[in-house]
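Trainee: Give me a model of this one.
(one chain, ligands or ions: 2)
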Amino acid sequence: MTTPLIIAVPKGRILSEVQPLLAAAGVRPEPAFFDENSRALRFATDADGIELIRVRAFDVATFVAHGAAQLGVVGSDVLAEFDYPELYAPVDLHIGHCRLSVAEPAALAATDDPRGWSHVRVATKYPHLTARHFAARGVQAECVKLNGAMELAPTLGLAPRIVDLVSSGRTLKENGLVEVEVIVDVTSRLVVNRAAMKTRAAVVPLVEAFRRAVAERQAA
Ligand SMILES: Nc1ncnc2c1ncn2[C@@H]1O[C@H](COP(=O)(O)OP(=O)(O)OP(=O)(O)O)[C@@H](O)[C@H]1O
Ligand SMILES: O=P(O)(O)OC[C@H]1O[C@H](OP(=O)(O)OP(=O)(O)O)[C@H](O)[C@@H]1O
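Mentor: Ligands and ions are numbered 1, 2, ... in the order given. Sure thing, here's the model as predicted:
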């Protein structure tokens, strides 16, 4: 028996958007994959020799970069944060649209001018990406790493500003924050382990199947 090809997909919000793309690419997982109550992490599919694993969004990049999975679906935010040279991101899946932005309390924003910053302290899940962004525009960034609920940081005195993902803007609004600078627009990408691309014959056809599935969806 040949070793199965493993595709790492993030659990959580992206999962429902990934499902139709997987199906269009010819990969239909067993029902347990979509069962939120299932504790299983590895799933069979109806595609010969292809299995799925369901992991946290940030861990998809790690599994694929280390070759534990050969392909994966991951936000461009996560790709930029880790910057793994072992990852190749050949297909923009056009799902998981959001942006990474700097936000601060509305009262501070009323008099603040981001162009005048020389040093910022921010709470974020993306310290590397944040530091790189600010360094490129000559601002020194001090990052407090959080894994969620960044929006609490300004009112509780952890950091006056945050760098977080924004989509509808509802989370910022409900926490009294306003977006003052967009760092980068984000979508989910198909990622491939560079070595697997050369050594596993099934990888390239699968990448092409995803590419076609996205093109058909965009054309519809
Ligand atoms: N509000 C949003 N709208 C659209 N896409 C988003 C949004 N928030 C996050 N994403 C995308 O989904 C990915 C996963 O998001 P996030 O890390 O918030 O998920 P999560 O389910 O909370 O994961 P975890 O529990 O592992 O932290 C992000 O890397 C990003 O690419
Ligand atoms: O602009 P909005 O549409 O409100 O979306 C933005 C929110 O979505 C993401 O959080 P998520 O819901 O994934 O929760 P978590 O990061 O705290 O796990 C992000 O971290 C923001 O908090």
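
Trainee: So what's the residue count around residue 42?
Mentor: 12 (other CB atoms under 10 Å). All C-beta spots, glycine's among them, are computed from the backbone N, C-alpha and C.

Trainee: Now do it against residue 214, distance only.
Mentor: 25 Å (CB to CB, to the nearest Å).

Trainee: repeat for residue 18
Mentor: 11 Å.

Trainee: what's the answer for residue 124, then?
Mentor: Taking CB to CB, one finds residue 124 at 29 Å from residue 214.

Trainee: And those two? Which one has more around it.
Mentor: residue 124 (25 against 19).

Trainee: beta partners for that one?
Mentor: Residues in a beta bridge with residue 124, per DSSP bridges, are residue 145, residue 163.

Trainee: so it makes contact with residue 134?
Mentor: No: if you go by CB atoms under 8 Å, residue 124 and residue 134 don't touch, sitting 10.9 Å apart.

Trainee: sec struct for the closest residue to residue 83 other than its chain neighbours, please.
Mentor: Excluding the flanking residues, the one nearest residue 83 by CB to CB, 6 or more residues apart in numbering is residue 128, at 7.2 Å. At residue 128, secondary structure determined by DSSP: H, G, I helix; E, B strand; the rest coil is helix.

Trainee: Identify the residues contacting residue 128.
Mentor: Counting by CB atoms under 8 Å, 6 or more residues apart in numbering, residue 128 touches 81, 82, 83.
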